[in-house]
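> okay, predicted coordinates and the sequence, questions at the end:
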Amino acid sequence: MEEDAPESEHSRMAKITYIEFGGKEHVIDVKPGLTVMEGAVKNNVPGIDADCGGACACATCHVYVDGAWTGKTGERNAMEESMLDFAENVEPNSRLSCQIKVTDELDGLVVRMPESQH
Ligand code: FES
């Protein structure tokens, strides 16, 4: 079995798969502590506009969390809930990706982008 050297623990990344509405996948290593939105924006993944820069005030970072992951990403917060009222095609697994903090636990996360933001 191959194990990572202990010193690599600190630089552990969570692999997140962002799937564009058209089906194109982007597999990105995101540093824990960033948000799912930041992981996309910093890596030029299209489909997440994030107009407000993560302040939970625009709803243009809308994503659908893959069914296998909804338990791990947690619940929407109240502010997020009210911002999602402004998004289109909201589903039960809709989240604002700026409100999902990346942790080691989310290594392997899969999110899908809506057809458009707004
Ligand atoms: S970036 Fe604006 S609500 Fe998430």
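Now that the structure is in, tell me what you want to look at.

> next, the contact list for the spatially most central residue of the chain, please.
Computing the C-alpha centroid of the chain and ranking residues by C-alpha atoms, centre = their mean puts Val36 first, at 3.1 Å. Contacts were defined as C-beta atoms under 8 Å, 6 or more residues apart in numbering; by that measure Val36 touches 16, 30, 63, 97-98, 100, 102, 106, 109, 111. Where C-beta positions appear, they are placed from N, C-alpha and C, glycine not excepted.

> list the contacts for Lys31?
Neighbours of Lys31 in contact, by C-beta under 8 Å, 6+ apart: 13-14, 39, 102.

> let me know the closest of those residues to the ligand.
Nearest to the ligand among the contacts of Lys31, counting by C-beta to the nearest ligand atom, is Gly39 at 12.4 Å.

> what helix or strand is that closest one located in?
Under DSSP states H and E, the secondary-structure element containing Gly39 is helix 36-42.

> quick one, helices of the chain?
Remark: helices assigned in the chain by DSSP state H are 36-42, 70-73, 78-84.

> so can I have JSON lines of those helices showing mean pLDDT and distance to the ligand?
Putting the helices of the chain into JSON lines (pLDDT from 0 to 100; distance: least, C-beta to the nearest ligand atom, whole Å) gives the following:
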{"stretch": "helix 36-42", "mean pLDDT": "98", "distance to the ligand": "5"}
{"stretch": "helix 70-73", "mean pLDDT": "97", "distance to the ligand": "14"}
{"stretch": "helix 78-84", "mean pLDDT": "97", "distance to the ligand": "6"}
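
> right, so these: which one is the most enclosed?
Mean neighbour counts were taken over the helices of the chain using mean count of other C-beta atoms under 10 Å, and the top value, a mean of 23, falls to helix 36-42.

> that older thread, any idea how far the helix holding Gly39 is from the chain center?
7 Å (C-alpha atoms, centre = their mean, to the nearest Å).

> okay, that helix in PDB with CA atoms only?
Backbone C-alpha positions of helix 36-42 (Å, rounded to 0.1, in the frame of the first residue of the first chain) are rendered in PDB as follows:
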ATOM      1  CA  VAL A  36     -16.400  25.300  -3.000                       C
ATOM      2  CA  MET A  37     -17.000  28.600  -4.900                       C
ATOM      3  CA  GLU A  38     -13.400  29.800  -4.400                       C
ATOM      4  CA  GLY A  39     -12.100  26.500  -5.600                       C
ATOM      5  CA  ALA A  40     -13.900  27.000  -8.900                       C
ATOM      6  CA  VAL A  41     -13.200  30.700  -9.300                       C
ATOM      7  CA  LYS A  42      -9.400  30.400  -8.500                       C
END
